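J.: what shape does this take:
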Amino acid sequence: MSINIALAGNPNCGKTTLFNALTGSRQRVGNWPGVTVEKKEGVLKGQADVLIRDLPGIYSLSPYSLEEVVSRNYLVNEHPEAILNIVDGTNIERNLYLTTQLLELGIPVVAAINMMDLVKANGDVIDCKKLSKELGCPVTEISALKKDGIDEAIKLAIQAAGGKEQQKVFDSYSKYVRDALSEIERIIKGKVDDREILWYAVKLFERDLRIREMVDLSEKDKKKIEESIERVEKELDDDSESIITSQRYEAIGKIVADCVKKKPVKEKLTVSDKIDKIVTNRVLALPIFIVIMFGVYSIAMGSWPFSIGTMGTDWANDVLFGEWVPNGVDAFLTSLHVDPVLGSLIQDGIVAGVGATLGFVPQMLVLFFLLALLEDCGYMARVAFIMDRIFRRFGLSGKSFIPLLVATGCGVPGIMSSRTIEQDRDRKMTIMTTGFIPCGAKMPIIALFAGAVFGGGSLVATSAFMIGIAAVIITGIILKKFKAFAGEPAPFVIELPPYHVPGLGNVLRTTWERGWSFIKRAGTLILASSIVLWFLQSFGFVNGGFGMVDDNNYSLLADLGRALAWIFYPLGWVGDMAWKATVATFTGLIAKEEVVNTFGILYNAGEVAEDGMEIWGLVAADFSVVAAYSFMIFQLLCAPCFAAMGAIKREMNNTKWTLFAIGYMTAFAYVIALIVYQLGGLLLGIVHFNVFTIVALVLLGALIYLLCRKGYEPDREAIIGVELNGAK
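T.: Below is the predicted model of the structure:
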């Protein structure tokens, strides 16, 4: 019989470090069912019958964030055999607030006081024996980073899970509150698990709406409970939730005063405080961040010879997937005398399609590694704090800045970075806007049209980034006015952890988890998509029959492009280039770089350089200035590549939201491109007034209305209801 142990604790308490130390490589990472909160579980090293689940970092079991509801639902509904509560010894008073709540659940709890190496270095003393007596549960010292005491901690948790004696429930309440809780317990007796009856009573006393829905109460019972609460509120002159909170902290304060002896110190800044005076300075913070991220991107995605990531990606694209793999596969297929059609599928479809994506893995791994270093040392928390003041003006959290920044290199890791955002609605909106930022794969498209149509003007490339940023801002303002995204961004409360040397094991594990997630998508979604597009590009109807074609102009993809080209006529994609632009749009779904390669093939130029210089003259002959800009805008803002779509699906963890996100990006791109072509062309004298000009004016008016209208204004309860939808 397996033993389930839940790891619970505040954010930045060292919980994940402990989880990694206990489970090693024997862990699984996914999302909790129905929600986009990361789920980690693993088997204890050396004991296959002990399953450890790493719950999201939370400050309490009250429903103020998606993470708190996920953790609470797991503990209440799944009933793990024991809870190993990780407590940050350097912030013990705040951390013990969660501990007191966990003790009320009736599940055996072991408190592991973490970061004891720092506690001792500060000259402080924590009496764990006395603390254990006060709390009524086992308490032990650990240092998860140095792996000190972790064996003893998990041993105590296993013993607690198998214990027959019910542990003492921590009681911190005054007589008035205890009397009210006792009355509530009598009312709900038999309607909830006896082990959790105190916890349910406390939550009902706090008027927790979700708990009230979970307990089968008659109107008479509800009235009795409300009368009990009102008596206490009148007696103590405060609301019920504040009463519970204040009495918890009052009890915790007495315990800490009795069990913790802090070394008297003069007002002295810590090393972290001294660093923060510089890196969070109002004037210096942003320039320092820009310099740091410039260094990160120079190493991960800059120009060779300064970029390790680019060196790896160039080798992967030019040598590994450019020569070794194709030549090896070709030799293998030749030796087996494989049918040419099957050989083309393997080489041109699978190897070429998947290889084009996997070629970016070195850059991503280097980027993930460097970002993991910044996260683990504590710097990324400061960045979110710095950017929050700017981003909340248009509806996003400060933590949204990191995904948007990462997306300038590649949209996939940018979208994956959104999981650091706690609030569900903020996370969804960040995912939907991250794809607007021009990534490295879109640069060849910008280079092609800047060179072919705009004389290589640098303003075109600059405007592409400005359009991406404007799209993010416009989307943020518009979506925040709808019910699903309504309300101010969540109050930005973040703990700035002390700076410390990153743990190499944690950094490597984080890098691998993020990299492997991308590689798995290359083996599933991208593989399937590559096969479909190979088929469409390789087959067609020629000379009255169906079969493989040598000329892409006669392929099914070309026929599909011609059949659907009318959709893009309002955007200025007309004449012979209309179907070519449509086909390039479809192939761009594999990877945005394919847009330039597709034009090279369709213009019979064969393989082209990254900026498509070989076909500049042909492109300039087909595209007017406004049509070229319209095409470029659509490619920059529309649905991203299949790899990014896979990342959206993973992070949304919901098919409807995934389709909505992709549909919104595509529709937004179409509207902006239509307005630019019709109205811009009208002003330049390239486009004559027509019905689509009227449509463009209507759409522009609708856009302005959506930006300026008064949005939905939910009350606090409505915000929580939308925020936590699906987490029940």
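J.: every contact and neighbour count from this point should use C-alpha atoms.
T.: Fine.
J.: nearest residue to residue 98 other than its sequence neighbours?
T.: Nearest residue to residue 98, sequence neighbours excluded (Cα to Cα, 6 or more residues apart in numbering): residue 60, at 5.1 Å.
J.: confirm the one you found sits in a strand?
T.: No: according to DSSP: H, G, I helix; E, B strand; the rest coil, residue 60 belongs to no strand; its state is coil.
J.: and it, how far from residue 48?
T.: 31 Å (Cα to Cα, to the nearest Å).
J.: tell me who's in contact with the residue nearest to residue 98.
T.: With contact taken as Cα atoms under 8 Å, 6 or more residues apart in numbering, residue 60 is in contact with 68, 97-98, 101.
J.: which one of those sits closest to residue 580?
T.: Taking Cα to Cα as the measure, residue 68 is the one of these closest to residue 580, at 50.8 Å.
J.: what is the burial count for residue 251?
T.: Residues within reach of residue 251, counting by other Cα atoms under 10 Å, total 18.
J.: swap that for residue 546, sorry
T.: Neighbours of residue 546 (other Cα under 10 Å): 12.
J.: same deal with residue 339?
T.: Residue 339: 10 neighbours (other Cα under 10 Å).
J.: got it, and residue 686?
T.: Neighbours of residue 686 (other Cα under 10 Å): 16.
J.: what of the one 10 residues further on?
T.: The criterion is other Cα under 10 Å. On that basis, residue 696 has 21 neighbouring residues.
J.: my read: it touches residue 679, true?
T.: Yes: using Cα atoms under 8 Å, residue 696 makes contact with residue 679 at a distance of 7.0 Å.
J.: can you give me the domain boundaries for this protein?
T.: As assigned by automatic domain parsing, the chain contains the domains 3-162, 175-261.
J.: comparing the ones you listed by mean pLDDT, which bottoms out?
T.: Least confident of these, judged by mean pLDDT, is domain 3-162 with a mean of 88.
J.: next one: it to chain centre, how far?
T.: 23 Å (Cα atoms, centre = their mean, to the nearest Å).
J.: residue ranges for the helices of the stretch 601-728 of the chain, please.
T.: For the stretch 601-728 of the chain, the helices defined by DSSP state H, counting those that start in this stretch occupy 616-622, 625-637, 642-652, 655-675, 681-684, 691-708, 716-723.
J.: where does the prediction get shaky in the stretch 451-600 of the chain?
T.: 456-458, 461, 487-495, 517-518, 521-526, 529 (pLDDT under 70).
J.: which parts of it are strands?
T.: Taking DSSP state E, counting those that start in this stretch as the test, the strands found in the stretch 451-600 of the chain are 539-542, 545-548.
J.: same list (those) but as a markdown table, adding distance to residue 158.
T.: Formatted as a markdown table, the strands of the stretch 451-600 of the chain follow (distance: least, Cα to Cα, whole Å):
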| stretch | distance to residue 158 |
| --- | --- |
| strand 539-542 | 62 |
| strand 545-548 | 64 |
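J.: and of the ones you listed, who's closest to residue 83?
T.: strand 539-542 (59.4 Å).
J.: packing partners of the closest one?
T.: strand 545-548, helix 556-564 (3 or more Cα pairs under 8 Å, 6 or more residues apart in numbering; DSSP states H and E).
J.: next one: the helix or strand where residue 255 lies to chain centre, how far?
T.: Assigned by DSSP states H and E, residue 255 belongs to helix 240-259. For helix 240-259, the distance from its own C-alpha centre to the chain's C-alpha centre is 35 Å (Cα atoms, centre = their mean).
J.: so what's residue 396 up against?
T.: Under the criterion of Cα under 8 Å, 6+ apart, the neighbours of residue 396 are 388, 426, 429-430, 476, 489.
J.: sorry, slip of the keys, the one I care about is residue 548.
T.: Contacts of residue 548 (Cα under 8 Å, 6+ apart): 341, 538-540.
J.: same question, residue 83
T.: Here residue 83 is in contact with 5-8, 107-110, 157 (criterion: Cα under 8 Å, 6+ apart).
J.: please apply the same query to residue 383.
T.: Residue 383 makes contact with 289, 398-399 under the criterion Cα under 8 Å, 6+ apart.
J.: neighbour-wise, give me the winner out of the contacts of residue 396.
T.: residue 430 (29 neighbours).
J.: out of the contacts of residue 383, which comes closest to residue 653?
T.: The nearest one, if we look at those relative to residue 653 and count by Cα to Cα, is residue 399, at 19.7 Å.
J.: the helices in the stretch 201-350 of the chain, which residues?
T.: 209-214, 219-236, 240-259, 271-279, 285-301, 308-315, 325-335, 340-344.
J.: JSON lines for these, including distance to residue 380?
T.: As requested, those are exported to JSON lines (distance: least, Cα to Cα, whole Å):
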{"stretch": "helix 209-214", "distance to residue 380": "33"}
{"stretch": "helix 219-236", "distance to residue 380": "42"}
{"stretch": "helix 240-259", "distance to residue 380": "30"}
{"stretch": "helix 271-279", "distance to residue 380": "11"}
{"stretch": "helix 285-301", "distance to residue 380": "10"}
{"stretch": "helix 308-315", "distance to residue 380": "21"}
{"stretch": "helix 325-335", "distance to residue 380": "38"}
{"stretch": "helix 340-344", "distance to residue 380": "46"}
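J.: next secondary structure after the helix or strand in which residue 110 is found?
T.: If you go by DSSP H and E, residue 110 is part of strand 109-114. Using DSSP H and E, the helix or strand that follows strand 109-114 towards the C-terminus is helix 116-121.
J.: pull out the buried positions in that next one.
T.: For helix 116-121, a neighbour-count test (16 or more other Cα atoms under 10 Å) marks 116-117, 119 as buried.
J.: stretch 530-541 too?
T.: Buried residues in stretch 530-541, counted by 16+ other Cα under 10 Å: 530-531, 533-540.
J.: then stretch 307-325?
T.: 307-314, 316-317, 320-322, 325.
J.: which of the helices and strands packed on strand 539-542 sits closest to residue 413?
T.: Of the helices and strands packed on strand 539-542, nearest to residue 413 by Cα to Cα is helix 556-564, at 29.9 Å.
J.: out of the domains of the chain, nearest to residue 558?
T.: domain 3-162 (38.7 Å).
J.: look at that closest one and report the distance between its end residues.
T.: 9 Å.
J.: next, residue 52: secondary structure please.
T.: Residue 52 is classified as strand under three-state DSSP.
J.: can you check the one 5 residues further on too?
T.: With three-state DSSP as the basis, residue 57 sits in coil.
J.: contact partners for it?
T.: Residue 57 sits next to 8-12, 15, 67 when contact means Cα under 8 Å, 6+ apart.
J.: which one of the helices of the stretch 601-728 of the chain lies closest to residue 514?
T.: Using Cα to Cα, the nearest of the helices of the stretch 601-728 of the chain to residue 514 is helix 642-652, at 10.6 Å.
J.: list the buried residues of the closest one.
T.: Neighbour-count burial for helix 642-652 [16+ other Cα under 10 Å]: 642-652.
J.: before we move on, the earlier item: tell me which two in the buried residues of stretch 530-541 are the farthest apart.
T.: Within those, two members stand farthest from each other by Cα to Cα: 530 and 540, at 17.0 Å.
J.: out of the buried residues of helix 116-121, who's nearest residue 330?
T.: residue 117 (58.2 Å).
J.: hang on, isn't that closest one packed against residue 141?
T.: No: using Cα under 8 Å, residue 117 is not in contact with residue 141, being 9.5 Å away.
J.: need the overlap of contacts for those two.
T.: Joint contacts of residue 117 and residue 141 (Cα under 8 Å, 6+ apart) do not exist.
J.: neighbours around residue 95, how many?
T.: Look at residue 95: counted by other Cα under 10 Å, it has 24 neighbours.
J.: quick one on the thing from earlier: include pLDDT and distance to residue 293 when you put the buried residues of stretch 307-325 into a markdown table, please.
T.: Formatted as a markdown table, the buried residues of stretch 307-325 follow (pLDDT from 0 to 100; distance: Cα to Cα, whole Å):
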| residue | pLDDT | distance to residue 293 |
| --- | --- | --- |
| 307 | 78 | 13 |
| 308 | 86 | 15 |
| 309 | 80 | 15 |
| 310 | 76 | 16 |
| 311 | 86 | 19 |
| 312 | 86 | 20 |
| 313 | 76 | 20 |
| 314 | 79 | 22 |
| 316 | 84 | 24 |
| 317 | 74 | 25 |
| 320 | 90 | 29 |
| 321 | 82 | 29 |
| 322 | 82 | 31 |
| 325 | 92 | 34 |
